[in-house]
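# dropping a prediction and its sequence here:
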Amino acid sequence: MQCTIKEELRQLMNRILCVLIGIMSVLFSGRAQGNFPISINIEPEEMRLSGVYSEYDNYSVERERDTILSDIIFVTDTVIDNTALLSDSAVINIYAETSWEKMRSRNLHWNLKTNLLYAATLTPNLGLEISWGTQLSLNITGSYNPWNRKGKKGDNDKIVHWMAQPELRYWFCEPTGGHFIGIHAVVTKYNIGGHKFFHIFDKGYRYEGWGVGGGFTYGYSWFLSKKWAIEGFLGIGVVQLGFDKSNNRIWCCTKSEHFTKTYFGLTKVGISLIYNIK
């Protein structure tokens, strides 16, 4: 009798256990998950990214996505066929870029320009500015004035020269837009006669030599359209000059004296017209 009662109790316990297992499986099955949306929040510094998965059925995972652009983290949602699975599931792949990959993904921007004030002296000039997705840009300008290079009897006035001015700029807003400051270098070779420049060159003499220096720049740029802009700038610095000085009234075969002088003052000034290549 006792064995029979124990056997019946054991069978009853097994049935209760089976019922509990069934209830548990129903509660945690994919059907029950439809009432419990899953939310994922990722909060790195100064950024919040969230994805919400809200609808489930027996076969697939339907998704809603809230996307925030970022160059730090990318989230990829994968729709999974759950026909052969015991429960619904979703996979999120998170990929973080390295600093080098971020640098490679930035596009270069190229601008061509010419200084209109400089061109007014009949000196052809051309500049190229390159930016790479930051507030920095590299500006390189070059000029060449060949007029009356050899001179002739009775007319030896000239401002023959070539000059290169590389410059690193920092933009307070974005390249080719708004205020900027820069540091520039100056390299030049010249043959100037019959013109007075500052307190260095006198109109009655001819000066042939070289110059090397550098300085600081401030400027402002305005957008005219998507492709065109205009900028004004002013630079102050120091240039070391070395030159041979001779009488400009005599065309050739004159005695010259060699001098070296240090110039401090304006090293660049202008209004440039800019064309945005890319």
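Perfect, thanks for sending it. Small disclaimer: the values here were computed from a predicted structure and weren't measured.

# who is the closest residue to H184 other than its chain neighbours paired with across the strands?
What sits nearest to H184 in space, not counting adjacent residues and going by C-beta to C-beta, 6 or more residues apart in numbering, is E167, at 3.7 Å. (Glycine included, C-beta is placed from N, CA and C.) Using DSSP bridges, the beta-bridge partners of E167 come out as N139, H184.

# next: the one 10 residues further on.
According to DSSP bridges, E174 are recorded as the beta-bridge partners of G177.

# hmm, it is touching F223, no?
Yes: at 5.9 Å, G177 counts as touching F223 under the criterion of C-beta atoms under 8 Å.

# just list the residues touching the residue nearest to H184, thanks.
L138, N139, I140, T141, G182, I183, H184, A185, T217 (C-beta atoms under 8 Å, 6 or more residues apart in numbering).

# which SSE is immediately downstream of the strand or helix carrying W110?
According to DSSP states H and E, W110 maps onto strand 109-115. On the C-terminal side of strand 109-115, the nearest following helix or strand under DSSP H and E is helix 116-119.

# for the next helix or strand after that next one, packing partners?
Counting by DSSP H and E, the element after helix 116-119 in chain order, helix or strand, is strand 125-131. Contacts defined by 3 or more C-beta pairs under 8 Å, 6 or more residues apart in numbering; DSSP states H and E place strand 125-131 against strand 109-115, strand 136-145.

# now with 10 Å, please.
strand 109-115, helix 116-119, strand 136-145, strand 158-171, strand 256-276 (3 or more C-beta pairs under 10 Å, 6 or more residues apart in numbering; DSSP states H and E).

# now render these as a markdown table, adding distance to H199.
Shown next, in a markdown table, are those (distance: least, C-beta to C-beta, whole Å):
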| stretch | distance to H199 |
| --- | --- |
| strand 109-115 | 24 |
| helix 116-119 | 21 |
| strand 136-145 | 22 |
| strand 158-171 | 17 |
| strand 256-276 | 9 |
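
# make a markdown table from those and add mean pLDDT and distance to F198 to it.
Formatted as a markdown table, the helices and strands packed on strand 125-131 follow (pLDDT from 0 to 100; distance: least, C-beta to C-beta, whole Å):
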| stretch | mean pLDDT | distance to F198 |
| --- | --- | --- |
| strand 109-115 | 95 | 19 |
| helix 116-119 | 95 | 16 |
| strand 136-145 | 96 | 18 |
| strand 158-171 | 95 | 13 |
| strand 256-276 | 94 | 6 |
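
# can you tell which of the ones you listed is closest to L241?
Proximity to L241 (C-beta to C-beta) singles out strand 256-276 among the helices and strands packed on strand 125-131, at 5.0 Å.

# show me which positions of the host helix or strand of A229 end up buried.
Assigned by DSSP H and E, A229 falls within strand 228-247. Counting neighbours by 16 or more other C-beta atoms under 10 Å, one finds that the buried residues in strand 228-247 are A229, I230, E231, F233, G235, G237, V239, L241, F243, K245, S246.

# do the same with stretch 164-171
Q165, E167, R169, W171.

# one more: stretch 211-227?
Result for stretch 211-227 [16+ other C-beta under 10 Å]: buried residues G211, G213, G214, G215, T217, G219, S221.

# the helix or strand harbouring the third one pairs with which strands, parallel or anti?
Yep, that's G214 we're talking about. Assessed by DSSP H and E, G214 sits inside strand 205-223. Applying DSSP bridges to the sheet, strand 205-223 is found paired with strand 178-193 (antiparallel), strand 228-247 (antiparallel).

# and N107, which of those is closest to it?
Closest among the strands paired with strand 205-223, using C-beta to C-beta: strand 228-247, at 17.8 Å.

# hmm, back to that, can you tell me which of the strands paired with strand 205-223 is nearest to Y118?
strand 228-247 (11.4 Å).

# just say helix, strand or coil for L12.
With DSSP: H, G, I helix; E, B strand; the rest coil as the basis, L12 sits in helix.

# ok, how many other residues are close to it?
Counted by other C-beta atoms under 10 Å, the residues lying close to L12 total 10.
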